[in-house]
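Engineer: okay, predicted coordinates and the sequence, questions at the end:
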Number of protein chains: 2
Amino acid sequence: MRRRQFIATIGAGAAAAAIAKPAIAQSAPDIKWRLTSSFPKSLDTLWGGAEVFCKAVAEATDNKFQIQPFAAGEIVPGLAAADAVTNGTVEMCQTASYYYVGKDPTFALSCAFPFGLNTRMQNAWLYRHGGTEMMNDFYKKFKFVALPAGNTTCQMGGWFRKEIKDVSDLNGLKMRIAGLAGQVLSRLGVVPQQLAGGDIYPALEKGTIDAAEWVGPYDDEKLGFQKVAPFYYYPGWWEGGTVVHNFINIDEWNKLPKTYQQILRSASDTANIAMTAKYDAENPGAIKRLVASGAQLRPYPQPVLDACYKAANDVYADISSKNPEFKKIYDNIVAFRNDQYLWWQVAEYAYDSYMIRARTRS
Amino acid sequence: MRRRQFIATIGAGAAAAAIAKPAIAQSAPDIKWRLTSSFPKSLDTLWGGAEVFCKAVAEATDNKFQIQPFAAGEIVPGLAAADAVTNGTVEMCQTASYYYVGKDPTFALSCAFPFGLNTRMQNAWLYRHGGTEMMNDFYKKFKFVALPAGNTTCQMGGWFRKEIKDVSDLNGLKMRIAGLAGQVLSRLGVVPQQLAGGDIYPALEKGTIDAAEWVGPYDDEKLGFQKVAPFYYYPGWWEGGTVVHNFINIDEWNKLPKTYQQILRSASDTANIAMTAKYDAENPGAIKRLVASGAQLRPYPQPVLDACYKAANDVYADISSKNPEFKKIYDNIVAFRNDQYLWWQVAEYAYDSYMIRARTRS
């Protein structure tokens, strides 16, 4: 630092000290925001993350910064949450970014894509490998800042009326599945269907569709699919660790005092841990109840997984050839994933392998 | 609520509103605390968690609540951190609770014990299965409140000068290992040794000890063990997901305004995610460098793991027979672990299995 600069800086510091009191007063303004969620209140896992977040912000600010959460449909429909943030209808939303792959497939990369990262790896990439920074560069054009705020953990591979024994069994199957996973499966003959949660059960019952994916045991249990499509496949290879985000309108973000920005960051972390922990704590009981009431667990056969893996790589190659922003981030994640699984198989996987085996013997 | 109570409450609410301004002023007092860490600054993973935590608190409060972190030995030695909180020398510490199994083996249960929970399961138990509440009931007699604030992820199983091919190879082995893992291994003939980090390398080089455990690739790399004890075993079955905690003196905690309590909780969550993500992001590069410089990876043979598992259960049965507080919490964790691994093997493990296999082919 040059001497003149140094003196100028000192001067600015002294001036700042002199007006310290009013600055502090301004640093804790009364603010009321609205958060629109992509999720209904009935999904207490996902919606619960928004509640945990809003409560943490209120408690950290003595209720001076109040964010009221609204369920999907109360202000805008669930899948319009991001648009509502972009155009300033609400200050922020809680959503899964892959809902917006229709705008740009790059949206999937901060959330989940077939054969992507697992839950821990998502956090490692987002928080410590530049993932959040890369995604927020991309999100600038949509006028929001994205903070990770939850994870569904690895999902299940969907409910089927008939068993899938071979890749050919996928051909012609009408399945409720969206986004990149739908694109991958359509290469193997699946006809992807878009249906709201409440319409899935009757469609499976009538045979209008043959299969449907939702989330995992705890969320799926509420919809009772085991009664009409009992074959419950695993793993959910299109959602290895689906991230939920808070999207915050960038102008509203920039207006906040730094203290409130930090409180939003840490409250998002609190929601991230709470949602992940809730799924992990609740799924074991749910899978036991589902099996007791008729669900039949089936692993995807290896040749089916292999065909899906190949189809997924073809989809990514196609998108990458047309979309350099997607390619840049996707390539970064794939290199990261390769290193992650190189290490994962050593300590983590060997530990889990032993514990799974030990459990059934003791 | 009875009518009279209701009116009294309304009255209190109105009174609170009338004095809102002064109450808010008191809700953001200037506070300076000291945090003593059990870790040296050279372990930037563990120590880094304390830095992340203190920074998050300062930024959320406009520097009104400042917590200065001190490395092990600057105020008290690393293993005296909890005592320094109990007796009020410092307001809080950052530590691994299993360091204090000498006071009571129950301390291990919030941190790590042989064949315990993995990283995700630790969070699920602590945050969503009453683990933090159970542990804080226990910690009352030590006068602190414990908040989870980091995780090392699954550790490695230590460095050995000679290969371990059989359970009998453990007999007479002098190994730098502490706590419950040391008790378990001593039942198989290992002679546990206590050595500070800096003393391990020369002891291995001279052959004063035959083996040593430290953490995992990223932390171990700094000490260069591969040059003197090249056989690097996995998994670290005594540390499936070691939790780091913030211990806060209970009187100091109770003096804080609710806003600051919430800020400490969320900042601890921020540190928890940051430390886990840092280990996950850094370990893959470190294991590659270690192998390139001479480390020889070896899985623990199944019969060795089986013997250790049996010895661990014997240790827990012994402790449980004498310590009802340990038994109550341990039994809770074991039931939780059984359910966790029942579910884990379905989606998570099947997903990781496929991704590990796919990685080596693509």
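Structural biologist: Received the coordinates, thanks.
Engineer: what sits against the residue most central in space within chain A?
Structural biologist: Nearest to the mean C-alpha position of chain A, by C-alpha atoms, centre = their mean, lies residue A:243 at 2.3 Å. Neighbour list for residue A:243: A:96, A:97, A:110, A:111, A:112, A:122, A:126, A:148, A:150, A:151 [criterion: C-beta atoms under 8 Å, 6 or more residues apart in numbering or on different chains]. Glycine gets a C-beta too; all of them are placed from N, C-alpha and C.
Engineer: which residues of the stretch 101-250 of chain A lie near chain B?
Structural biologist: Residues of the stretch 101-250 of chain A found near chain B (C-beta under 8 Å from any C-beta of the partner chain) are A:115, A:118-121, A:123-129, A:153-156, A:216-217, A:234-237, A:240.
Engineer: residue boundaries of the strands in chain A?
Structural biologist: For chain A, applying DSSP state E gives strands covering A:31-37, A:65-70, A:92-95, A:144-151, A:159-160, A:174-176, A:191-193, A:211-212, A:231-234, A:243-249, A:296-299.
Engineer: now these as JSON lines including distance to residue B:67 and mean pLDDT?
Structural biologist: Output for those, formatted as JSON lines (distance: least, C-beta to C-beta, whole Å; pLDDT from 0 to 100):
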{"stretch": "strand A:31-37", "distance to residue B:67": "26", "mean pLDDT": "98"}
{"stretch": "strand A:65-70", "distance to residue B:67": "22", "mean pLDDT": "98"}
{"stretch": "strand A:92-95", "distance to residue B:67": "29", "mean pLDDT": "98"}
{"stretch": "strand A:144-151", "distance to residue B:67": "23", "mean pLDDT": "98"}
{"stretch": "strand A:159-160", "distance to residue B:67": "50", "mean pLDDT": "98"}
{"stretch": "strand A:174-176", "distance to residue B:67": "50", "mean pLDDT": "97"}
{"stretch": "strand A:191-193", "distance to residue B:67": "52", "mean pLDDT": "96"}
{"stretch": "strand A:211-212", "distance to residue B:67": "50", "mean pLDDT": "98"}
{"stretch": "strand A:231-234", "distance to residue B:67": "44", "mean pLDDT": "98"}
{"stretch": "strand A:243-249", "distance to residue B:67": "26", "mean pLDDT": "98"}
{"stretch": "strand A:296-299", "distance to residue B:67": "48", "mean pLDDT": "98"}
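Engineer: picking that back up, do you know how far the residue nearest to the centre of chain A is from residue A:98?
Structural biologist: Noted for residue A:243: a distance of 9 Å to residue A:98, by C-beta to C-beta, to the nearest Å.
Engineer: now for these two: what residues contact both?
Structural biologist: With C-beta under 8 Å, 6+ apart, residue A:243 and residue A:98 have common neighbours A:111, A:112.
Engineer: now find how far off-centre stretch A:34-43 is within its chain.
Structural biologist: 14 Å (C-alpha atoms, centre = their mean, to the nearest Å).
Engineer: how about that stretch as PDB, C-alpha atoms only?
Structural biologist: C-alpha atoms of stretch A:34-43 as PDB (Å, rounded to 0.1, in the frame of the first residue of the first chain):
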ATOM      1  CA  ARG A  34     -41.700 -13.400   1.800                       C
ATOM      2  CA  LEU A  35     -40.300 -16.700   0.900                       C
ATOM      3  CA  THR A  36     -42.200 -18.800  -1.700                       C
ATOM      4  CA  SER A  37     -41.500 -22.500  -1.500                       C
ATOM      5  CA  SER A  38     -41.700 -25.000  -4.400                       C
ATOM      6  CA  PHE A  39     -43.000 -27.500  -1.800                       C
ATOM      7  CA  PRO A  40     -46.400 -28.200  -0.200                       C
ATOM      8  CA  LYS A  41     -46.700 -28.200   3.600                       C
ATOM      9  CA  SER A  42     -47.500 -31.900   3.400                       C
ATOM     10  CA  LEU A  43     -43.800 -32.600   2.600                       C
END
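Engineer: so, low pLDDT: which residues of chain A?
Structural biologist: A:1-26, A:362 (pLDDT under 70).
Engineer: quick one: the longest helix seen in it to strand A:243-249, angle?
Structural biologist: Secondary structure assigned by DSSP state H gives helix A:258-292 as the longest helix of chain A. Calculated by axes from the mean of the first three to the mean of the last three C-alpha atoms, to 10 degrees, helix A:258-292 forms an angle of 150 degrees with strand A:243-249.
Engineer: just the angle between helix A:258-292 and strand B:144-151, please?
Structural biologist: Using the same axes, to 10 degrees: helix A:258-292 against strand B:144-151 is 80 degrees.
Engineer: and helix A:258-292 with strand A:65-70, angle?
Structural biologist: Computed by the same axes, to 10 degrees, the angle between helix A:258-292 and strand A:65-70 is 30 degrees.
Engineer: which parts of stretch A:326-336 are buried?
Structural biologist: A:326, A:327, A:329, A:330, A:332, A:333, A:336 (16 or more other C-beta atoms under 10 Å in any protein chain shown).
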